[in-house]
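# Got a sequence here, can you build the structure:
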Amino acid sequence: MIPGIPYTFKATLDCHYLLAAPPAVDPSTVLILALHGFGSSPEVMLQLTGQLVGARHAIASVEAPSSFFLSTKTGDVGHSWVTSKHSASGIRLHHDMLLHVLEEVGRRTGIPRERRMLLGFSQPVGLNYRFAGTHPDAIRGVIGICGGVPKNWEEGPYQKVSAALLHIARREDEFYSPATTSLYPDRLRRRADDVEFHMLEGGHRMPSKAGPIVERWMNRVFSK
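All right, here's what the predicted structure looks like:
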């Protein structure tokens, strides 16, 4: 096969999110950007996040930009945030999407920057940590559930993370083993001062019993 010469160009992409906000926003309301896992959807993540944090906060559930068929028989569609091919472009797009939604929903709801946070499950967890280290003034907190820490977290081009970080791992996770995730607290503290870590029982899924952990953490972080 004759090798081709690679070229790159930019094109406009329509991105999507779902917003669920309480009837009245008050000083205690937090804006949560929820990012679903690989192959999932914003509809599923909106439901799971609502079960985790309750109905008093505003949740913007963002759809990952790359869509694919989960099954050719059913036509079900899943979404992905990034792959190892052209990862730099995927990371940049993730950052651009989050900055846009944070500002747009923040203006729409009147929720200031100091009351905005990210919550990600699985694939976007590491991307969200990258975002916190690249745009430290954009958010006040990050919750990562059943996900990873960037491989270049220690030596990469990241700033000091001002956001509080809550990482929830699971002991029977098929993709992120305890041997790996138990190292995350020390790794995350290389960039962030406020790091909280929990190892819960169960496999690679949203922990149904994590609500009290998240509530206590949010009350502490957003009461400052």
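# Name the strands paired with the helix or strand bottoming out on mean pLDDT in the chain and say parallel or antiparallel.
In the chain, no helix or strand scores lower on mean pLDDT, DSSP states H and E than strand 66-69, which sits at a mean of 90. Its sheet considered, strand 66-69 pairs with strand 77-80 (antiparallel) by DSSP bridges.
# continuing past the partner strand, what's the next helix or strand?
Counting by DSSP states H and E, the element after strand 77-80 in chain order, helix or strand, is helix 87-109.
# Does anything pack onto that next one? Which helices or strands?
Judged by 3 or more C-beta pairs under 8 Å, 6 or more residues apart in numbering; DSSP states H and E, helix 87-109 is in contact with strand 17-20, strand 31-35, strand 58-62, strand 116-121, helix 124-134. (C-beta placed from N, C-alpha, C; glycine too.)
# what comes up buried for the least confident helix or strand of the chain?
Across strand 66-69, burial judged by 16 or more other C-beta atoms under 10 Å covers no residue at all.
# Give me the residues contacting it.
Where contact means C-beta atoms under 8 Å, 6 or more residues apart in numbering, the residues beyond strand 66-69 that reach it are 75-83.
# Let's see that with 10 Å instead.
Strand 66-69 is touched from outside by 13, 38-39, 41, 75-83, 90, 93, with contacts defined as C-beta atoms under 10 Å, 6 or more residues apart in numbering.
# Can you select the buried ones among those residues for me in ChimeraX?
Here the buried members of the contacts of strand 66-69 are turned into a ChimeraX selection, burial being counted by 16+ other C-beta under 10 Å:
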select :38,39,41,78,79,80,81,82,90,93
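# from the contacts of strand 66-69, which is closest to residue 144?
Comparing the contacts of strand 66-69 against residue 144 with C-beta to C-beta places residue 81 closest, at 13.4 Å.
# Return the backbone torsion pair for the closest residue in space to that closest one that isn't next to it in sequence.
With sequence-adjacent residues excluded and distances taken as C-beta to C-beta, 6 or more residues apart in numbering, residue 81 is closest to residue 64, at 4.5 Å. Main-chain torsions, residue 64, degrees, to the nearest 10: phi -60, psi 150.
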